[in-house]
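J.: A structural model of the following input is requested.
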Amino acid sequence: AQWILWLEDFFGLPKASFTSDLLDRFCEANTKQTFMNVVPSIEKLLKPLKDSCRSYCFGLYSASIALSGVVLDSLQILLWEMQGLKIKNAELTKKQTEIIFGKSFERIESARRIQILHTFSWITDSQKDDFERIRNIRNRYIHPWRASFKNEKTESLECYRIAFRLFREITAVKIKDAGSIEVNPLLIKWMNKQKW
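T.: Numbers count the residues shown, from 1 in each chain. Take a look at the predicted model:
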């Protein structure tokens, strides 16, 4: 019964409106690899991640891909802010970042942000490939005049799963023995700086 209430809240629908297709797609999207009991409360990540999953469940595959792209951008910005590039033991200010890169990190195009994060070894080779995969799929659907929609469902699910994997790896949230929670220490430091 508690699961039904959770699903009603997740979908924003009463149980009577659930269809077998909706529930099948929910099961496709939510596996052991893409489900977490405990997540850090970062709305800028959680909302598009949840909405990407929900869009997939409703069969809105292009919307799901676009939202996975929002997660991609948010994770890149989070990584930049968590790491805090330093020169002479002082973090770069926004103005210094704009002078070095020509604009704020947030306004740099995604492909360039991925290169920067990888150059500083803040993401692994496989994470770089994951970021690139979502970016490439999203870009194809952002320019629909040339897009082919025949693999839309498969690519939508792939983007959501990759986005979730990156979210899980970057936040590094784990439940340890005795129910204690472990989180990426850089994330804790960043959240404390945000006064959360």
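
J.: any stretches of the chain with poor pLDDT?
T.: Scanning the chain for pLDDT under 70 picks out 34-41, 144-147, 175-180, 195-196.

J.: other SSEs contacting the helix ranked longest in it?
T.: In the chain, with assignment by DSSP state H, the single longest helix is helix 61-83. Where contact means 3 or more C-beta pairs under 8 Å, 6 or more residues apart in numbering; DSSP states H and E, helix 61-83 is packed against helix 43-57, helix 110-119, helix 125-142, helix 152-171, helix 185-193. The way it works is simple: take the backbone N, C-alpha and C, and place the C-beta from them, glycine included.

J.: could you redo the last one with a cut-off of 6 Å?
T.: Where contact means 3 or more C-beta pairs under 6 Å, 6 or more residues apart in numbering; DSSP states H and E, helix 61-83 is packed against helix 43-57, helix 125-142, helix 152-171, helix 185-193.

J.: what's the residue most central in space within the chain in contact with, if anything?
T.: Nearest to the centroid of the C-alpha atoms of the chain, with distances taken as C-alpha atoms, centre = their mean, sits Val71, at 3.2 Å. Counting by C-beta atoms under 6 Å, 6 or more residues apart in numbering, Val71 touches 48-49, 163.

J.: okay, the helices and strands packed on helix 61-83 in a markdown table with mean neighbour count and distance to Asp9 next?
T.: Shown next, in a markdown table, are the helices and strands packed on helix 61-83 (neighbours: other C-beta atoms under 10 Å; distance: least, C-beta to C-beta, whole Å):
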| stretch | mean neighbour count | distance to Asp9 |
| --- | --- | --- |
| helix 43-57 | 20 | 11 |
| helix 125-142 | 17 | 27 |
| helix 152-171 | 20 | 19 |
| helix 185-193 | 14 | 25 |
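
J.: CSV for the ones you listed, including distance to Leu85?
T.: Converted to CSV, these look like this (distance: least, C-beta to C-beta, whole Å):
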stretch, distance to Leu85
helix 43-57, 20
helix 125-142, 18
helix 152-171, 17
helix 185-193, 13
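
J.: and of those helices, who's closest to Ser110?
T.: Closest of the helices and strands packed on helix 61-83 to Ser110 is helix 125-142, at 5.2 Å (criterion: C-beta to C-beta).

J.: quick one: the closest one to helix 61-83, angle?
T.: Orientation check (axes from the mean of the first three to the mean of the last three C-alpha atoms, to 10 degrees): helix 125-142 against helix 61-83 gives 140 degrees.

J.: still on that earlier bit, next SSE downstream of the longest helix of the chain?
T.: Sequence-wise, the next helix or strand downstream of helix 61-83 (DSSP states H and E) is strand 86-87.
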